[in-house]
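1. turn this into a structure:
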Amino acid sequence: MPILYWPGRLVVKAVVLLLVDLHVTGIDKVPRHGPVIIASNHLSNADPPVLGTSVGRRVVFMAKQEAMGWPILGLLIRLSGALPVRRFEADLGALRKATEVLHDGKALVMFPEGTRSRQRQLQTGHPGTALIALRSGAPIVPVGISGTENIRFPGVIFSLLRLRRPKVFLAFGDPFFLPNVTRISSDEVNRCTDQIMRRIAALLPPAYLGPYADEADVPPQQTRTEEVG
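-> Take a look at the predicted model:
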């Protein structure tokens, strides 16, 4: 475990609570122990600190490779122990490390869209999250974030001075498992990716749903009966 994780988390959490008006629901749905994938929509660079400091256990992020080289934020990402991943390609090394994180009983945070949504609406999910969930057998906790698209520097500082902090809503959904499959095929991964995205969409306001608008209110049934947590 990176030695600076918890001290750094305290500092980042203090900054988050200072700058935004944060509303969190369903945080008790995140298992306190054991492997879990926390899968969220992605609107802003503020999503990782807002999400990571809201969960009451250590989390490991999958971060885009290029972010590791950013001057300040990149250092914080590296110190947090995030896993670098080459986006939009089959990064088998990153997939293997992510699976190892779950086998070690840790919490892995992923953004299935692979990049921020500039129009705030959900984008079609990429297969990485479903593939890792199928390979590891870990449960998934869906998360819907809204409001972080309004966090911009230095504007957020002036908002603080005007006592008008941007409102951010973080909704955690029920944990669920993907179905057991005898062979992981591309069709199966695509089907499971769609299932994950619909679970996330069910936690978002209508204006954020994008291509999942017609399906967000009918999430599929939990496919296993094991107790999570």
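2. ok, which stretches of this protein are strands?
-> Assigned strands in the chain, in chain order: 21-25, 36-40, 59-64, 83-85, 107-110, 140-146, 167-172 (criterion: DSSP state E).
3. same list (these) but as CSV, adding distance to Cys192, mean pLDDT and mean neighbour count.
-> Where C-beta positions appear, they are placed from N, C-alpha and C, glycine not excepted. Shown next, in CSV, are the strands of the chain (distance: least, Cβ to Cβ, whole Å; pLDDT from 0 to 100; neighbours: other Cβ atoms under 10 Å):
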stretch, distance to Cys192, mean pLDDT, mean neighbour count
strand 21-25, 25, 95, 14
strand 36-40, 11, 98, 26
strand 59-64, 17, 88, 22
strand 83-85, 19, 86, 20
strand 107-110, 13, 96, 24
strand 140-146, 9, 97, 25
strand 167-172, 20, 96, 20
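4. right, and those - which one's nearest Asp47?
-> Proximity to Asp47, assessed across the strands of the chain by Cβ to Cβ, is greatest for strand 140-146 (5.6 Å).
5. so which elements touch that closest one?
-> Counting by 3 or more Cβ pairs under 8 Å, 6 or more residues apart in numbering; DSSP states H and E, the packing neighbours recorded for strand 140-146 are strand 36-40, helix 47-52, strand 167-172, helix 186-201.
6. and Phe172, what does it touch?
-> Val24, Thr25, Gly26, Ile27, Lys29, Val30, Val141, Pro142, Val143, Leu203 (Cβ atoms under 8 Å, 6 or more residues apart in numbering).
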